[in-house]
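> Give me a 3D structure for the following:
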Amino acid sequence: MHITNVISQWFGKFAKTQFPSPIQSIINRGYVKFLGLNMSEFKHPKHYKSLNALFTRELEIQREVKSAANEFISPTDSLITQCGKIQGDLALQIKGMEYSYEDLLTFYCKDNFEKLENGDFMNFYLSPKDYHRYHSPFDFELKKLIHVPGKLYPVNLKYLNKELELFVQNERVIIECETDGKVFYMVFVGALNVGQMVFEFEPRVETNIDTAEIKVYEYENIKISKADCLGYFKMGSTVVMLWEKDFVQIEELLEQNIKYTDKIATLK
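Residues are numbered from 1 along each chain as shown. Modelled structure (predicted):
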């Protein structure tokens, strides 16, 4: 295992430990204060029995989805670190740092590579202080999930600017989505201290374990609605979205902080 995976496993053990209530309350309140978490939509920090429970907290006040039927919403609370047109088969992890979506998605998605040429992409970075759950950005039929083991480099701006093909090197989970005959992908990228990525519709996925085997799960007749919770990161990380050509018009959101339910794209 890479050293980043080992560090993440040890941090994960600490984060899931349930300390006695007085100690856990001190840990939670310290974390909230240190990172400046806004807890107005969530339970008081003292109610979470571990750091993992705090990281993966559910909304206590559900957000209203005001988008029109033809609009994609943000799947996460995050910073848009890059977005725009795919140039041929190349997208950006950050300005000046390209990667091939074919390498990102693996050959298990090869049937749709041609559709993605000159399509659109958007990168969502979740910091440790963000709401860590991810939601469906649109109504879609789930076609496939691919789990790709890998390293767990940090995905913050410092590393995005220095580590070539970071998204391709890191562990990731890819879901293939189809709506009205059009395809888009969501790629959930692991990162340092992300002990696990959880998918509520697929309990067989186990991330950050000692394996190099790519696992593929295919589905039939699984319909997912806009705003459904798909799962959660156990710590901050990144989601990459890729749309096939002439599918959507994305919003100009580069370097903006956005919230789950905000509009990110409109069908063409």
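
> ok now do N257, which residues does it touch?
S78, L79 (CB atoms under 8 Å, 6 or more residues apart in numbering). Heads up, the C-betas are built off the backbone N, CA and C, glycines and all.

> So what sits opposite it in the bridge?
With DSSP bridges as the criterion, N257 is bridged to L79.

> ditto for E176
Going by DSSP bridges, E176 forms beta bridges with K144, Y185.

> all numbers from here: first residue = 270
From this message on, residue numbering opens at 270, which makes the last subject E445.

> where does this protein have its least confident helix or strand?
Averaged element by element with mean pLDDT, DSSP states H and E, the chain has its least confident helix or strand at helix 272-285 (a mean of 65).

> Let me see the ranges of the helices in the stretch 270-419 of the chain.
Here the stretch 270-419 of the chain has its helices, by DSSP state H, counting those that start in this stretch, at 272-285, 290-304, 320-324, 370-374, 382-385.

> Turn the ones you listed into TSV, columns for distance to T535 and mean neighbour count.
Converted to TSV, the helices of the stretch 270-419 of the chain look like this (distance: least, CB to CB, whole Å; neighbours: other CB atoms under 10 Å):
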stretch	distance to T535	mean neighbour count
helix 272-285	37	17
helix 290-304	33	14
helix 320-324	32	21
helix 370-374	22	20
helix 382-385	19	17
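
> Can you lay out those as CSV showing distance to A481?
What follows is the helices of the stretch 270-419 of the chain, written out as CSV (distance: least, CB to CB, whole Å):
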stretch, distance to A481
helix 272-285, 11
helix 290-304, 33
helix 320-324, 26
helix 370-374, 16
helix 382-385, 23
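
> so who does T325 touch?
Contacts of T325 (CB under 8 Å, 6+ apart): H401, R402, V467, Y501, F502, K503.

> what's the closest of those to V458?
F502 (9.4 Å; CB to CB).

> excluding its backbone neighbours, what's nearest the closest one?
H401 (4.7 Å; CB to CB, 6 or more residues apart in numbering).

> For burial, what's the neighbour tally of that neighbour?
24 (other CB atoms under 10 Å).

> distance of it from D389?
As judged by CB to CB, to the nearest Å, H401 and D389 stand 25 Å apart.

> who wins for neighbours among the contacts of T325?
Top of the contacts of T325 by neighbour number is F502, holding 27 neighbours under the definition other CB under 10 Å.

> Next one: it from E513, what distance?
From F502 to E513 the distance is 26 Å (CB to CB).

> Over to L414?
Applying CB to CB to L414 and E513 gives a distance of 18 Å.
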